[in-house]
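Enquirer: show me the folded form of this:
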Amino acid sequence: MSIFAEKIDIIYFLLGCLPLCKKEKQANKSNFDYLIMTKKEFVRKVFSPIVGLNLLGMILLVVLVGLGTTWWMKSYTRHGEGIDVPDVKGILVNDAKIALTGMELDCIVIDSTYDAKLAPGIVIKQTPGPGSRVKAGREIYVTINAKNEPTLPIPNIIDNCSLREAEAKLLSLGFKLGACEYVQGQQDWVMGIKCRGVKVMAGERVPINTPIVLMVGNSQIEVDENEVTYEDDWTNPSDAPVAPATSNTFDEEIVF
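Expert: The predicted model follows:
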C-alpha cells in the first residue's frame, strides 16, 4: 500500500505542475516574439545612415591602402626602368669600372685566370652578359687576367710514394705532367722532380701551367762509375795526395 500511495503522490505532483509549465511557455513565447523583427525594420536598420557611413569609410580605406601599396611597390622595384649592360670584355678592369659606374652599375672582380696572350688586368668574362637589362645599382661580376702565372706548392711525394700514386695526387691538385725521366733506383719509385730542367723539392712553388717531370727509379739502369762524384778528395784513391819520396842513402863520411 505504501508503494501505491507514493505513485499517487507523484501523479498529483506532476498534474499540479502542468499549469506552471504552461505559464512559463507563454512567457517565453512572448519574449521570442519581441526579439523577431519585421522585414521593414530589418531594411530600415541595414540602410540606416550610420551603417552606410561605416561601409563607405571601410571602402575608402581599402582603396587608399591598395593605391598606396601599388605606388610603393613601383617606386621600390623601379618597375619599367632598366639599363642595358655594356660590353666590357677585352678592356682593362679600371676602364670597365669607370664605364659601369657612369651607368649607375657596380663592377665587382670575383675571379682571375691566366692567359699569357692577354695583358694583365684585361676583363675576360662578365655576368650578366652584354645587352642584359638590369636595374640601376646592379652589381656586374667580372673575371680578369692575372698579372702573374698562378703557382702550386710541390707536395711531399719525393722518395715517399710510387709513380702511380704520385701521378694521381699531382693531377688531382691541378699539376701538368711531362714525360717521366728514369734514373737508377728502386723500380717505379719517385726519386725526384724537375721543373724546367731544374730539380725542385717539396714545398717549392712551380707554375701551374708548366709541366713537371717525375724522376722515376729503374732497377735495370746500372751506375756508371765514371759519373760517380766524390764529396771528399781523400775518398778517391786516384786523387789522394802522393807522399814525398824519401832518400834511402846517407851522406858518406869523408875520411881525410
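Enquirer: mind listing the strands for this structure?
Expert: Read by DSSP state E, the chain holds these strands, from start to end of the chain: 83-84, 106-113, 123-127, 133-134, 139-145, 151-153, 181-184, 190-195, 198-200, 205-207, 212-218.
Enquirer: out of those, which gets nearest to residue 95?
Expert: Nearest to residue 95 among the strands of the chain is strand 123-127; the distance by CB to CB comes to 8.7 Å. (Glycine included, C-beta is placed from N, CA and C.)
Enquirer: give me the mean pLDDT for the closest one.
Expert: Mean per-residue pLDDT for strand 123-127: 94.
Enquirer: related to what we said a few turns ago, for the strands of the chain, give me CSV that also has distance to residue 69 and mean neighbour count.
Expert: As requested, the strands of the chain are arranged in CSV below (distance: least, CB to CB, whole Å; neighbours: other CB atoms under 10 Å):
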stretch, distance to residue 69, mean neighbour count
strand 83-84, 26, 13
strand 106-113, 29, 13
strand 123-127, 33, 17
strand 133-134, 25, 14
strand 139-145, 28, 18
strand 151-153, 56, 13
strand 181-184, 75, 14
strand 190-195, 66, 19
strand 198-200, 67, 13
strand 205-207, 59, 17
strand 212-218, 65, 19
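Enquirer: quick one, which of those strands gets closest to residue 165.
Expert: That would be, of the strands of the chain and by CB to CB, strand 190-195, which comes in at 8.2 Å.
Enquirer: low pLDDT regions in the stretch 101-250 of the chain?
Expert: Counting by pLDDT under 70, the stretch 101-250 of the chain contains low-confidence ranges at 223-250.
Enquirer: so residue 40 versus residue 47, what's the distance?
Expert: 11 Å (CB to CB, to the nearest Å).
Enquirer: swap in residue 135?
Expert: Summarising the geometry, the distance separating residue 135 from residue 47, computed by CB to CB, is 51 Å.
Enquirer: who has more neighbours, these two?
Expert: For residue 135 and residue 47, the more surrounded residue by other CB atoms under 10 Å is residue 135, and the numbers stand at 13 against 9.
Enquirer: how about the helices in the stretch 51-200 of the chain?
Expert: Listed from the start of the chain, the stretch 51-200 of the chain has helices (DSSP state H, counting those that start in this stretch) covering 93-102, 163-173.
Enquirer: elements contacting the longest one?
Expert: Counting contacts by 3 or more CB pairs under 8 Å, 6 or more residues apart in numbering; DSSP states H and E, helix 163-173 is packed against strand 212-218.
Enquirer: got JSON lines for the helices of the stretch 51-200 of the chain, with distance to residue 126 and mean neighbour count too?
Expert: Output for these, formatted as JSON lines (distance: least, CB to CB, whole Å; neighbours: other CB under 10 Å):
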{"stretch": "helix 93-102", "distance to residue 126": "8", "mean neighbour count": "16"}
{"stretch": "helix 163-173", "distance to residue 126": "29", "mean neighbour count": "14"}
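Enquirer: redo those helices as JSON lines? Include distance to residue 186.
Expert: As requested, the helices of the stretch 51-200 of the chain are arranged in JSON lines below (distance: least, CB to CB, whole Å):
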{"stretch": "helix 93-102", "distance to residue 186": "51"}
{"stretch": "helix 163-173", "distance to residue 186": "11"}
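Enquirer: so which of these comes closest to residue 179?
Expert: Nearest to residue 179, of all the helices of the stretch 51-200 of the chain, is helix 163-173, at 12.0 Å by CB to CB.
Enquirer: what angle do the closest one and strand 212-218 make?
Expert: Following axes from the mean of the first three to the mean of the last three CA atoms, to 10 degrees, one obtains 170 degrees for the angle between helix 163-173 and strand 212-218.
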